[in-house]
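Test case, fold it:
(chains A and B)
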Amino acid sequence: MVNVEAVKRDFPILENRDVVYLDNAATTLTPEPVIASLMNYYRNLGASVHRGIYRLADETTEKFESSRNRVADFIGADSPREIIFTKNCTEGLNILAYSLHLWSEKKGKILVTEMDHHSNILPWRFMVDGSDRFQLDYVSVTEEGKLDLDDFGSKLTSDTVAVAFPAISNVVGAINPVKKMAKMAHEKDALVVVDGAQWLPHRPFDVSEFEVDFLTFSAHKMLGPTGLGVLYGKEELLRRMPPPFGGGEMVLEVTRREVKWQEPPQKFEPGTPPIAQILCFESALDYLDDLGVGEVKKHVDSLAGKALKELSKLPYVEIYGPTEGEPRGGLVSFNVEGVHPHDLASALDSLENVAIRAGLHCAQPLHEIMGLNSSARVSFYVYNDPEDVDRLIDGVRGAKKILGGENVG
Amino acid sequence: MLDKPKIYNQNVMHHYQNPHNRGKMEDPDFSVTEENPNCGDRITLQLKFEGRKISDVKFEGHGCVLSIGAASILTQMVRGLSIGDARELTMEDLVDNMGNPVKMRKDCVSLSLNALNKALSQW
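Take a look at the predicted model:
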């Protein structure tokens, strides 16, 4: 069980600011050990990695690669060579689309889903636009915002080059059957790209168990620093992929005519990386492992379950995505009749110091399909407790009283 | 509720609940639709000119208290203005007329103002 009282004390923001933070699907707060680790780099290390012939550089490089090892262990990768540090989840998806565009011998379809975040749609759109080798298709979602697996099965054809989908929808919290979908895709010889941004923070993900080819996620959504993401790829695929960006650190030899790339992951990490962030990400993973990711899952699910239950009791609230009892990944999206989500967010902020997300959540196609202009979203993490849900409900009631029902616009 | 901060002032709430100049115009001189990509709010602003003066203005669309309130207040502000004066209207002028702090919600307020500026740039 997550000891929320103890956890709360580790988060300076919760000490310094009176806030009920329910926008964890956007980014999470940072615990003291991670902040200390970040500071430690600037106070005690300070050197760049891989190049310096002095002790500080050596020590920094050792910690840097230790963090990579830690990430590999965390997701069950075969080797740290399969872990590429990126600036965020989005960059990982862009790297994949760009590289695949260059090296894929197979021509045909890239299959994304209507529930994808824009970051898992637009890189693929760039890839297919103007190309005579690739086309883009979307797996349908049902009216409730769940993935239509029958549609996935029928659109997944032998000419599918890759499928890219979120493990958990960042809007409705629907959990996709990753392993099953990966198996189906591999039967058609398609590559499997999973956007794990909403899964990794509170659920164990084992790349060899789920048999995915690529996985991307963000450090800052799981207690880590901003400016850092991870792209996992199977080593033999990464070896074949050309790098999309050029620069220092990624090459073995450069002449005026020829280039020999480093092996992965260095091949995909040109320039000086975010060293401090990479170092402190290891502390974030330690923190999560100390709590136990399985326990984090239970905790987050129970809060989302309570929010779902309490919001459902309000007759003027409409909830999207999986219904009570169905799998749901740590967040609830909803609308209050007669109250625009932006006004609701402002009201919750003013009335109860509750921070929530309102808008399209970078998933406009999904909102369009569900017939929504926008929605409000609450998402939970390790420092939230049942009282936070109560504050949310009080705030929603207050907002409805002040703003509701008059002019929906 | 007494010690709680107010979310919106009476003026803005009044304009949200009873928007002025809401509707559609027969053959406007200019009609511009603006959308806020963060939330999907959409405002269509229509203008009619007599000479260089804005003789009629209407808006329609869907949005939050601030975007609808601002649109309503803006239409009141521009009716009868010359094109030169209308072009000089700023975000600060609009917010002053609303009398409500907008902080993180500037995009909500600027929706109708952007539509106005686009329409005027077509003149």
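
Tell me the spacing between residue A:175 and chain B.
Relative to chain B, residue A:175 is positioned 25 Å away (Cβ to the nearest Cβ, to the nearest Å). Yep, even glycine has a C-beta here, placed from its N, CA and C like the rest.

One more: residue A:143?
Here residue A:143 is placed at a distance of 18 Å from chain B (Cβ to the nearest Cβ).

Same check on residue A:122?
Residue A:122 is 13 Å from chain B, where distance means Cβ to the nearest Cβ.

What of residue A:385?
Taking Cβ to the nearest Cβ, one finds residue A:385 at 23 Å from chain B.

so what pLDDT did residue 31 get?
All of this is about chain A. Residue A:31 is assigned 98 on the pLDDT scale.

nope, chain B
If you check residue B:31, the pLDDT there is 96.

Just give me how far the helix or strand hosting residue A:230 sits from the chain centre.
Residue A:230 belongs to strand A:229-233 when assigned by DSSP states H and E. Here strand A:229-233 is found 11 Å from its chain centre; the criterion is Cα atoms, centre = their mean, to the nearest Å.

what's the model's confidence in it, averaged?
On average, strand A:229-233 scores 98.

C-terminal to that strand, what's the next element?
Using DSSP H and E, the helix or strand that follows strand A:229-233 towards the C-terminus is helix A:235-240.

Just want to check the distance between residue A:16 and residue B:50.
Distance, residue A:16 to residue B:50, by Cβ to Cβ, to the nearest Å: 58 Å.

Is it correct that residue B:57 falls within a helix?
No - counting by DSSP: H, G, I helix; E, B strand; the rest coil, residue B:57 falls outside a helix, being strand.

Am I right that residue A:335 sits in a helix?
No - under three-state DSSP, residue A:335 sits outside any helix and is assigned strand.

in stretch B:48-58, what's buried?
B:48, B:54, B:56-58 (16 or more other Cβ atoms under 10 Å in any protein chain shown).

Quick check: of those, which lies closest to chain A?
Using Cβ to the nearest Cβ, residue B:58 is the member of the buried residues of stretch B:48-58 that sits closest to chain A, with 15.1 Å.

Can you name the residue of the stretch 51-200 of chain A nearest chain B?
Across the stretch 51-200 of chain A, the shortest distance to chain B (Cβ to the nearest Cβ) belongs to residue A:118, at 9.8 Å.

and the nearest residue to residue A:392 once chain neighbours are set aside, how many residues sit next to it?
Sequence neighbours aside, residue A:354 is the residue nearest to residue A:392 in space, at 5.5 Å (criterion: Cβ to Cβ, 6 or more residues apart in numbering or on different chains). When neighbours are counted by other Cβ atoms under 10 Å in any protein chain shown, residue A:354 registers 24.

and residue A:56, what does it touch?
Going by Cβ atoms under 8 Å, 6 or more residues apart in numbering or on different chains, residue A:56 touches A:45-47.

Please apply the same query to residue B:19.
Applying Cβ under 8 Å, 6+ apart, the residues near residue B:19 are A:407, B:59, B:68-69, B:71-72.

Could you check how far it is from residue A:86?
Computed as Cβ to Cβ, the residue B:19 to residue A:86 distance reads 46 Å.

quick revisit: now the contacts of residue A:56: which count as buried?
Buried by 16+ other Cβ under 10 Å: A:45, A:47, out of those.

For chain B, list the residues in contact with chain A, please.
Within chain B, the residues that sit near chain A (Cβ under 8 Å from any Cβ of the partner chain) are B:1, B:4-8, B:16-19, B:37-42, B:61-68, B:105, B:108.

7 Å instead?
Residues of chain B lying near chain A by Cβ under 7 Å from any Cβ of the partner chain: B:4-5, B:7, B:16-17, B:38-41, B:62-65, B:68, B:105, B:108.

Can you name the two of those residues that sit furthest apart?
Using Cβ to Cβ, these span at most 28.8 Å, a distance reached by B:4 and B:40.

neighbour count winner among the two?
Counting neighbours by other Cβ under 10 Å for residue B:4 and for residue B:40 shows that residue B:40 has the greater number, 19 against 12.

List the residues that contact the more buried one.
Contacts for residue B:40 were tallied using Cβ atoms under 7 Å, 6 or more residues apart in numbering or on different chains; they are A:360, A:367, A:373-374.

secondary structure element for it?
Using DSSP H and E, residue B:40 sits in no helix or strand.

Next one: the residue nearest to it when sequence neighbours are not counted from residue A:386, what distance?
Of all residues not flanking residue B:40 in the chain, residue A:373 sits nearest, at 4.1 Å (Cβ to Cβ, 6+ apart). Distance, residue A:373 to residue A:386, using Cβ to Cβ: 31 Å.

Of those two, which one has the most company?
Each of residue A:373 and residue A:386 has its neighbours counted (other Cβ under 10 Å); residue A:373 has more, 21 against 12.

so where's chain B shaky on pLDDT?
Applying pLDDT under 70 to chain B picks out residues B:1-5.

Cool, thanks, signing off.
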